[in-house]
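Novice: What follows is a predicted structure for the sequence shown.
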Amino acid sequence: MSSIAFGGRASWRRTALSAALSIGLAGVAMAQSNASGVIFGQVQADAGSTVRLENIDTGLSREIGVEQGGRYRAASLPVGRYKVTLLKNGQAVETRDNVQVALGSGVDVSFAGTGAATAQNLEGVQVIASALPAIDVSSVDSRTVLTSEQLQKLPLARNVTAAALLAPGVVPADGRYGNVASFGGSSASENQYYINGYAVTNALTGLGFVTLPYDAIDQEQVYTGGYGAEYGRSTGGVINVVTKRGGNTWKGGLGLYVIPQYFRDSPRSIYRENGVLYQYRADNKNSSMQYTGYVSGPLIKDKLFLYAAGDFTSTDGTNISPLTAPQKTHEDAKANKYLVKVDWNITDSHLLELTGIQDKTNTDRSVYAYDYKTLQPTSYLGTDKLKNAASAAGSQPGGDVYVGKYTGYITDDFTVNALYGKSKTDHVRTLGYAANPNCPWITDSRRNITSPIVGCSLVNGTVLNAGAQDKTHGWRLDLEYRLGDHDLRAGVDNQTLESYSGNIYEGGYRWVYRNAGKVSGRPDIVPPPGTQYVAEKRLFETGAAVKVEQEAQYIEDHWQVSDRWLAYLGLRNEQFKNLNGAGDVYVKQRHQLAPRLGVTWDVFGDSSFKVYGNAGRYHLAIPSNVAIRGASASTYYSEYYTYTGVAPNGEPIGLQQLGNRFYLNGEDGTTPDPRTVAAQGLKAYYQDEYILGFDKAFGDNWTYGAKLTYRKLKSSIDDFCDSRPFEKYAARNNIDISNASIAGCYLFNPGSTNTFMVDTTGTGNFVPFKLTKDDFTTPEGVAFPDLKRQYYSLDLYLEHQFSDRWYGRVDYTYSRSYGNSEGQLKSDIGQLDPSVTQDWDAPELMQYANGPLPNDRTHQLKAYGYFQMNTEWLFGANLAVASGRPKNCIGNDPVDAIGYGASYFECDNVASPRGSKGRLPWTWQLDMNAEWRPGWANHQLAFTANVFNVFNSQKKTAIIEVAETGSFDKAGQPIKSDDYLRAVAFQTPRYFQFGVRYDFSL
């Protein structure tokens, strides 16, 4: 890493320009690849002049002719530092050194042609002192770009999501989904993640992504809206990472980062609202140690380059589980991440890049029974070993990724980019029991008990079925041509996602102990008089090999209408195909057209004031996980019993069955006919978005701006699990369905008319049933509402570019995310089934569902920056403040015609609309860091200290919102849940990270 040279104000300004480039918001210039950037500008010179661009680190060189109007443009440049020279008759007239090309961005490097500098967005001694970064007037999107330098200077956790949360409108998702984020009110599964141009999003659920060594990140680009036709398959945001590459100098570095357990504050223990302890957590701490290293340099000077990096993280910790299943777990996790990148400059016109990534996490857990009276572990229960399966909801799927990319500068005006990539991930979970080999999941939901029934299980939940694996492969081709004032681009973008996955209850089944009484939706369950308790047995098992094929074509034009106006016109055509476990297509969507339009106005013609706007449509495929349960064979049933005792493993004994076996959602172990899984002509999941904003520079160092955003989800896909609409349609049309085979659940477009194929005889006689909104209406008059998810926001920012030793930025966002559907997820209950949530399963579930949605944070304030005190000391800070999440009261429906228990926006037998119970408290967190680079080590040795959550604020961030148990007492009143309003998650307690890093050149 280069050190900062002092010598007066100009030295600081040169560094300022680089820093501002790397962290500036909102800016993509012209058309470019999602793994490269652009240099463009205006030359006040005779036609026939040329501009030479030379990569300072690799020696890559291009010469671009200047057009008749004095414009020039070089597209698809690898990110990095460039020397830009204006040539006349082969002689250098003017030169700009250290021009930083940022990911996906354009840098305006203009020349006066007389030796006077007019360059903008530059870092170099030849730039005039007042030429700080101008606003990029060719931008129509909204994004944040961070370089590796910024990632080191700001107090951020060493992961991609932490950096993404700096962007306005981005908030942490529900913690039950892992370390992922929500963009602009969308659910956390609606984002796309790229590394070096290849999509590495979780192939099964869309939640999370493959990670890489943190120090291998060269630039991280966070799109929060308005992105062009090049991108698709996202209705949330896009995170695009480009890795470092080797250069002509051999470099290396070693690092060590430690988070000591004894410098962690204890997390808050969890109590129910009645004051009873639910989970003791004071000892739930861990320590981690991360070793890092990298090496880069030329294998052949100016031709062939290597960059290799690795992170090796060991984490040791303890976790004490809730009182309902008390255990103490010692966890030892080892996460190894590698990256190797080879760049070959075949010629200056033909480039080849090869990237290999390995992301593996192995977790070993030793599990003990725990005595809450003594707060000590007791008997040893067994081991729980995981491989790429430890994170919540699979948000860090891990695996191996390989990417190859070719860039060809065929002529000055014609560029070709071609990319191929693939990935593979194995997920394994192995349980080893110390005693009883039969250990089902035991849950004691009886009220007012002092000694809950516990079993010998280790997980107390669902576990992976054997053979879980994800694979992807894909390719894209991008062609770019400059035609006068038009930068034309067209391409093909294909990716196939394959998964084998499934879940099963630990031990094969689950026992739930309950108070005896009326069971909602189950009139056949009648306990004998005097029965105090009953036991419910549930069996759940899924497993299938499924596939999603995604294809897209796009075309776009950046049209320089005049010197001050630029228009963007784009169109993307998406195709999605989903296949079930038998290899049959159950959903096929063709010609999903997504127009993208944008315009920018350089108000004064000097890049100091920009007004911009854009409008676009964005589509999203049905995730693979839907086929695991919804389109393939699965089994899920419930049985009720009386019992006379409890076995040592927690199972009830002396059983007497009550009523019949009840298949939940119709999941009886048979593979659904693909014609019965989804509505015919199912429309894709898509959203429309509109943005209007401005950016204004004032003084030498300041920029401010505002942006209005409006998003509306126009079409959603979920499942409904209600046979009554079919019965109503059949009665109206005199169709006999007494022998019909009606699926348990169907995928459909909520709030719309849908046509389904029904086997009316059970022998393959399929008849179309066109169900209108009236058909979905229940006998009591409850109808499905129209789909509604809307998001609007006002973003305000003020930024001070790095100058006079400091950089700072403040963002304030006022936003509302409201409607009756979060999208693909249901954070209200932390449901881990994207696109097949319990929402829309029946009309009653959507009564009173309109209101502020789970990712709504009305007010957000983000402020971050750093101060370079001198050549040795740097200090940084990051403040995040947000208003609380809406609270709900979810409970029983007095009728509960579909047997869903406590799943309605009703409490105490009356309506309880979404968000009507107030808000969780505001959250705020201040993080700070310090770095010392001693002069005696030539500033190549760095000692760092970070403290996260300086004031140890531990507010609730998620709670249990189900207020009733699903049962009624003898008077017909809903039985209250003791867990209502109990905390599920708090802010992470204060912790410290200490580091040392040494960078060297050979």
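Specialist: Thanks, I have it. Numbering: from 1, shown residues only.
Novice: rest of the way, CA atoms for contacts and neighbours
Specialist: Fine.
Novice: do you know how far the closest residue to Y663 other than its chain neighbours is from T670?
Specialist: Nearest residue to Y663 in three dimensions, chain neighbours excluded: Y637, at 4.2 Å (CA to CA, 6 or more residues apart in numbering). Y637 is 13 Å from T670, where distance means CA to CA, to the nearest Å.
Novice: neighbours of Q376, just the number please.
Specialist: Using other CA atoms under 10 Å, Q376 has 13 other residues around it.
Novice: so G613 makes contact with I691?
Specialist: Yes: here G613 reaches I691: they are 5.3 Å apart, a contact under CA atoms under 8 Å.
Novice: what about this protein, any weak spots by pLDDT?
Specialist: 1-34, 45-47, 113-134, 391-393 (pLDDT under 70).
Novice: how distant is stretch 339-357 from the center of its chain?
Specialist: Computed by CA atoms, centre = their mean, to the nearest Å, the chain-centroid distance of stretch 339-357 equals 28 Å.
Novice: contact partners of it?
Specialist: 60-62, 196, 212-213, 216, 245-246, 302-310, 337-338, 358, 400-410 (CA atoms under 8 Å, 6 or more residues apart in numbering).
Novice: same thing but at 6 Å, please
Specialist: 60-61, 303-309, 338, 400-409 (CA atoms under 6 Å, 6 or more residues apart in numbering).
Novice: What ranges does the stretch 1-150 of the chain have for its helices?
Specialist: 9-23, 148-153 (DSSP state H, counting those that start in this stretch).
Novice: What of the stretch 551-700 of the chain?
Specialist: 625-626.
Novice: So what's the residue count around the closest residue to L692 other than its chain neighbours?
Specialist: Using CA to CA, 6+ apart and skipping the chain neighbours, the partner closest in space to L692 is G613 (4.2 Å). G613 sits with 22 neighbouring residues when counted by other CA under 10 Å.
Novice: Surely G613 and Y690 touch.
Specialist: No: if you go by CA atoms under 6 Å, G613 and Y690 don't touch, sitting 7.6 Å apart.
Novice: Name the residues that touch stretch 755-769?
Specialist: Contacts for stretch 755-769 (CA under 6 Å, 6+ apart): T676, A679, Q680, I737, N739, A740, S741, K770, L771.
Novice: Go through it and flag the buried ones.
Specialist: Neighbour-count burial for stretch 755-769, with 16 or more other CA atoms under 10 Å as criterion, is recorded at T755, F756, M757, V758, D759, T760, F766, F769.
Novice: quick one: which two of those are the most distant?
Specialist: T755 and T760 (14.5 Å; CA to CA).
Novice: Report the buried residues of stretch 884-903.
Specialist: Buried-residue list, stretch 884-903, by 16+ other CA under 10 Å: 884-894, 896-903.
Novice: From the opening residue of it to its closing one, how far?
Specialist: Per CA to CA, the first residue of stretch 884-903 is 23 Å away from its last.
Novice: what does it contact?
Specialist: By CA under 6 Å, 6+ apart, stretch 884-903 touches 520-521, 904-907, 914-915, 917-922, 961-966.
Novice: Next: stretch 921-940.
Specialist: 155, 872-884, 941-950, 998-999.
Novice: does the nearest residue to P843 once chain neighbours are set aside sit in a helix or strand, and which one?
Specialist: Nearest residue to P843, sequence neighbours excluded (CA to CA, 6+ apart): F784, at 4.8 Å. Counting by DSSP states H and E, no helix or strand carries F784.
Novice: and D215, which of the three is it?
Specialist: helix (DSSP: H, G, I helix; E, B strand; the rest coil).
Novice: so how many other residues sit close to it?
Specialist: Neighbours of D215 (other CA under 10 Å): 22.
Novice: now S562
Specialist: 11.
Novice: could the buried residues of stretch 755-769 be laid out in JSON lines, adding distance to T363 and secondary structure?
Specialist: Output for the buried residues of stretch 755-769, formatted as JSON lines (distance: CA to CA, whole Å; DSSP: H, G, I helix; E, B strand; the rest coil):
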{"residue": "T755", "distance to T363": "47", "secondary structure": "strand"}
{"residue": "F756", "distance to T363": "45", "secondary structure": "strand"}
{"residue": "M757", "distance to T363": "46", "secondary structure": "strand"}
{"residue": "V758", "distance to T363": "47", "secondary structure": "strand"}
{"residue": "D759", "distance to T363": "48", "secondary structure": "strand"}
{"residue": "T760", "distance to T363": "50", "secondary structure": "coil"}
{"residue": "F766", "distance to T363": "49", "secondary structure": "strand"}
{"residue": "F769", "distance to T363": "50", "secondary structure": "strand"}
